[in-house]
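Generate a structure from the sequence data that follows.
(chains A and B)
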Amino acid sequence: MSWGVVVQTVVTGLATGAAYGLVAAGFVLVFRLTGILHFAHGDLLGAALFVGLWVGGGYGLIAGVAMAAAAVMGALLFAVLLRPSFRRNATGQWVAVTVAAAFMVQAAVAVAFPRVAYILPDVVRFDEWAPWDLGDGATLHPRSLFVLGVGVVVGLLADAVLTRTRFGLGLQAVADDAVAASLVGVSVERLVTGAFALAGVLGVVAGLVIVPATTLAPATGLLLGLKGIAASLLVGLRSPRLAFLGGLAVGVLEAAVVSLDAPQWRDVAPILAVLVVLAWRPPALATERVE
Amino acid sequence: MTVPAAVLVALLAAAPVVVGDLSGLTTAVLLFTAAGGLIAPVGWAGLPSLGQGAFVGIGAYAVAIASSRWGWGPLASVPFAIAVAAAAGWVTGAAVARLRAPFAALATWLVSWAFALAVLALPEWTAGARGLVVPTQQVELRAFAVSVRITELLLYDAALVLAIVVGVVVVRARARIHPPMAFARDDPAGALAARIPVARLRTGAMAASAAVGGAAGALLVMADGVADPAAYGPVLSLQLFLVVVVGGAETVVGAAMGLAVLAVIEPLADAFASPAWEPLLTGALLVAVVAFGRRPLWRLRRRRFNVLPAAWSNRGVPLSAADVVVDYGGVRALDGVSVAIGAGTCHALVGPNGSGKTTLLRVLAQDPHAARTIQRSLTLSGLSVFDAVLAGREPVRTTGVLRWVLNTPKSRADQAAAEAAVANALSLTGLPANDDVADLHGAQRRLLQIAVALASEPGALLLDEPSAGMAPAEQDGLRAVLQRLRDGGLTVVVIEHNQRVVHGLADDVTELDAGRVVVSA
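Modelled structure (predicted):
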């Protein structure tokens, strides 16, 4: 494999990986706060993109509407549907609720958008830009650098929100010890609702930057969510920051699978990688001693 | 119970005469069967499996591939499908056995997606999204020179037989395997201390449920005539999971009720919404049912036990440790400790916090005849006292669930011995057999651990601060229990600061400090 192909693989991988990283960061944020694995994360962000498309208009309007929709849907999911099982710590119940909600959202999208796929407009017309030639048939599209840049910047912004704002510090307190936080007057459920909203916004940003390169299909959000979950598990769900790095790794893995001429395994490979990790070396947070 | 079940079976067997939609009936029976397979892993073992759809799919595709590509008949392809699904379930079970419940859900969910995506990624085997057509099935009985065409009615009958077999096995297996599984579900660490093989129970539950799913899938694909990738995988996994969650995951009746709820919701949505909106309304109703349902429709009813204790005889074993060194990541917990504990004596371990008492107890507990308790109370909730103590018998059981289902003489003898041991343990500790564990008060919960340990008829009982949290009168009760055990010949090692409990009872005392023996007398 030539260096050109390696560079192409790594850079395009990092770019999609940055998007996965944002999705993963939201997933880990929610998990650290509540212990809930947000199975509907991907479907909600996909649905939010469709809401943006439904309202229409220019890129800015679509993006704004989609972000708002993701925030509202995420918040409602927790505040209305998950709160009963969260309060009673009923694992089977919240698993059922999040997964069923994911399918409900999919069904809603299928009703409103019956076509196989839709075009999501781009922030600039990247398709008119010529890709750079790296030699040996390898190319690099400027879009990759844009996606990577947006991913890193938004990731840093989210990190700043989590570490420097009052909201973020409250979230940290809840993640460390929810009971202690509530005893000193932190409003746990309100903050968690906010975290679900923030996770939705991060996911939608990821969708907004990478979906225009292909098309928006009903399964787009779901696949993004699965990659985000894969990335989160690869780093043991330790922190949103690490989850972002996990996303980069998943992106590169996927690009490598495509470069190795097995594009049909593109979506399966990260899932299998995670299953192997879970079976072989499960993260400490995920395990209990049984032997 | 037998009469209603027989009536139900007769009704189901006659159903094709009344209901025109035979394939719909077959599908319903097979869905019930696949959901019934989830009772052990989800209800008893507490693994929220979202992988059953994949196992059904594996069974379906195994039959489709074997019959369409290799020309196998159903007598070969169905067992093949069950074996493949069981193997996949065993691997999945081994992988998720050590995960906490939410992660078991996640891992099995990913298995569902991996299956669905792999079917699409391997079109040369699975025919991809088009679906793999299954040829008409024929059973050739060469010895009798007959060939039987598998008709819709025959498939329905096969599905019914499968459902009945699964239902009977589940109901029957419960008495044997539910107590240790539920113990391990509610308190994995406590189960480990009681030497219950948590990982093996969970792996077995997953493998068995996958085998059931595979069998259902094998029949399902024959009924459909085509292996359609959209029919299996994540959506089916969720449906089957919802069936048991809504209805009550611990019982067959619960699974049937869950299926009934789902069967009602869909026509309901159908009646109120146009075809395009129907899946959305169905989804919304389902979400509402699971999000706001406070409890499952049908819960496990406790068996009542009235087993009389037999004569109690103990043969205490001596325990010893020589020059033991234990490190916890740089901290030396035991630094060359030697103790020798005589058979049938009571030995007290004392010393300040962090001096290595619990570590020494763990070392001594490696003796195969020793049973130990832990410092905190068990967090069991859905078990009767009798069943919780019965679970403590698990490490010395000589027969498993297979023989129990087949009701072999060996299995019956093993069960009788187990129940007698439980009765003894309960009479020694004075616990009420038929109370719910959750209703015990603090001191009783401490005694429960002793009873759980006694159920395995150990030669030595190792107790870690058994009187913690007890009022003086309760401490006297504990002391009386320990006295009875020691006088009965059992070796008792007890970590205890409380002189009220051990003074005059302990034959020997070992004092530890900073991982070394200070005094041994």
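
Identify the residues contacting the nearest residue to B:Pro102 once chain neighbours are set aside.
Excluding the flanking residues, the one nearest B:Pro102 by CB to CB, 6 or more residues apart in numbering or on different chains is A:Leu37, at 5.2 Å. C-beta here means a position set from N, CA and C on the backbone, and glycine is covered the same way. Applying CB atoms under 8 Å, 6 or more residues apart in numbering or on different chains, one finds that A:Leu37 lies in contact with A:27, A:31, A:95, A:98, A:229, B:102-103, B:105-106.

likewise B:Leu238?
Counting by CB under 8 Å, 6+ apart, B:Leu238 has contacts A:96, A:99-100, A:103, B:50, B:53.

can you point me to the longest helix in chain A?
helix A:3-34 (DSSP state H).

Give the burial count for the residue nearest to A:Thr91 when sequence neighbours are not counted, as a bare number.
Excluding its sequence neighbours, the residue lying closest to A:Thr91 (CB to CB, 6+ apart) is B:Ala101, at 4.8 Å. Residue crowding around B:Ala101 was assessed by other CB atoms under 10 Å in any protein chain shown; the count is 19.

and B:Ala101, what is it in contact with?
A:91-92, B:46-48.

For the stretch 101-250 of chain A, which residue gets nearest to chain B?
Residue of the stretch 101-250 of chain A nearest chain B, by CB to the nearest CB: A:Met104 (3.2 Å).

Touching, that residue and B:Val289? I think so.
No. If you go by CB atoms under 8 Å, A:Met104 and B:Val289 don't touch, sitting 11.7 Å apart.

Looking only at neighbour counts, state which of the two leads.
A:Met104 (24 against 19).

Helix or strand: which one has the more buried one?
helix A:91-112 (DSSP states H and E).

going on from the longest helix anywhere in chain B, what's the next piece of helix or strand?
Longest helix of chain B, by residue count under DSSP H: helix B:152-186. Counting by DSSP H and E, the next helix or strand C-terminal to helix B:152-186 is helix B:188-193.

Distance check, B:Ser338 against B:Asp367.
The gap separating B:Ser338 from B:Asp367 is 15 Å, by CB to CB, to the nearest Å.

and these two? which has more neighbours close in?
Counted by other CB under 10 Å, B:Ser338 and B:Asp367 do not tie: B:Asp367 has more neighbours, with 19 against 12.

And the pLDDT for the residue nearest to A:Thr91?
As predicted, B:Ala101 sits at a pLDDT of 90.

What does it show for phi and psi?
phi -50, psi -50 (degrees, to the nearest 10).

which residues touch B:Leu201?
B:45, B:177, B:180-181, B:184.

what's the answer for B:Leu30, then?
B:159, B:162-163, B:216, B:219-220, B:223.

which of the residues you listed lies closest to A:Ala110?
B:Leu220 (24.0 Å; CB to CB).

After the host helix or strand of the closest one, which helix or strand is next?
Assigned by DSSP H and E, B:Leu220 belongs to helix B:198-224. The helix or strand immediately downstream of helix B:198-224 is strand B:226-227, counting by DSSP H and E.

now that following strand: how far from the chain's centre is it?
33 Å (CA atoms, centre = their mean, to the nearest Å).

So which residues make contact with that strand?
Taking CB under 8 Å, 6+ apart as the rule, strand B:226-227 contacts B:60-61, B:63-64, B:126-127, B:131-134, B:221.

still on that earlier bit, may I ask which of the contacts of B:Leu238 comes out lowest in pLDDT?
Within the contacts of B:Leu238, pLDDT is lowest for A:Phe103, at 88.

if I read this right, that one contacts B:Leu236, doesn't it?
No. Contact criterion CB under 8 Å: A:Phe103 and B:Leu236 do not qualify, at 11.2 Å.

Buried residues, the helix or strand bottoming out on mean pLDDT in chain A. List them.
Ranking every helix and strand in chain A by mean pLDDT, DSSP states H and E puts strand A:132-135 at the bottom, with a mean of 78. Buried residues in strand A:132-135, counted by 16 or more other CB atoms under 10 Å in any protein chain shown: A:Leu134.

list the helices and strands it packs on?
Applying 3 or more CB pairs under 8 Å, 6 or more residues apart in numbering or on different chains; DSSP states H and E, we find strand A:132-135 packed against helix A:3-34, strand A:138-140.

and whatever residue of the stretch 151-300 of chain B ends up closest to chain A, how many neighbours does it have?
The nearest approach of the stretch 151-300 of chain B to chain A comes at B:Gly283, 3.2 Å away (CB to the nearest CB). By other CB under 10 Å, 22 other residues sit near B:Gly283.

Now it: phi and psi?
phi -60, psi -40.

what about it, distance to B:Gln239?
11 Å.

pLDDT value on the residue of the stretch 101-250 of chain A closest to chain B, please?
90.

Next, the contact list for the closest residue to it other than its chain neighbours, please.
Nearest residue to A:Met104 in three dimensions, chain neighbours excluded: B:Gly283, at 3.2 Å (CB to CB, 6+ apart). Contact partners of B:Gly283, counting by CB under 8 Å, 6+ apart, are A:100, A:103-108.

at 7 Å what do you get?
Contacts for B:Gly283 (CB atoms under 7 Å, 6 or more residues apart in numbering or on different chains) come out as A:100, A:103-104, A:107.

likewise B:Val517?
B:337, B:510.

my guess is it is in a strand, correct?
Yes. Per DSSP: H, G, I helix; E, B strand; the rest coil, B:Val517 lies within a strand segment.

who's it bridged to?
B:Leu512 (DSSP bridges).

now the contacts of A:Leu37 as CSV including distance to A:Leu198 and neighbour count?
Formatted as CSV, the contacts of A:Leu37 follow (distance: CB to CB, whole Å; neighbours: other CB atoms under 10 Å in any protein chain shown):
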residue, distance to A:Leu198, neighbour count
A:Phe27, 12, 29
A:Phe31, 13, 21
A:Val95, 22, 27
A:Thr98, 17, 27
A:Ile229, 17, 31
B:Pro102, 21, 20
B:Phe103, 23, 23
B:Ala105, 24, 28
B:Leu106, 21, 24
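
what comes up buried for stretch A:276-291?
Buried, per 16+ other CB under 10 Å, within stretch A:276-291: A:277-279, A:282-283, A:286, A:288, A:290.

Stretch B:386-406 spans what distance, first to last residue?
24 Å (CA to CA, to the nearest Å).

Residues touching it, excluding its own?
In contact with stretch B:386-406 (CB under 7 Å, 6+ apart) are residues B:169, B:172-173, B:176-177, B:179-180, B:183, B:194-197, B:305, B:380, B:410-411, B:414, B:418, B:421-422, B:425-426, B:433-434, B:437, B:448, B:451-453, B:455-457.

No further queries at this time; thank you.
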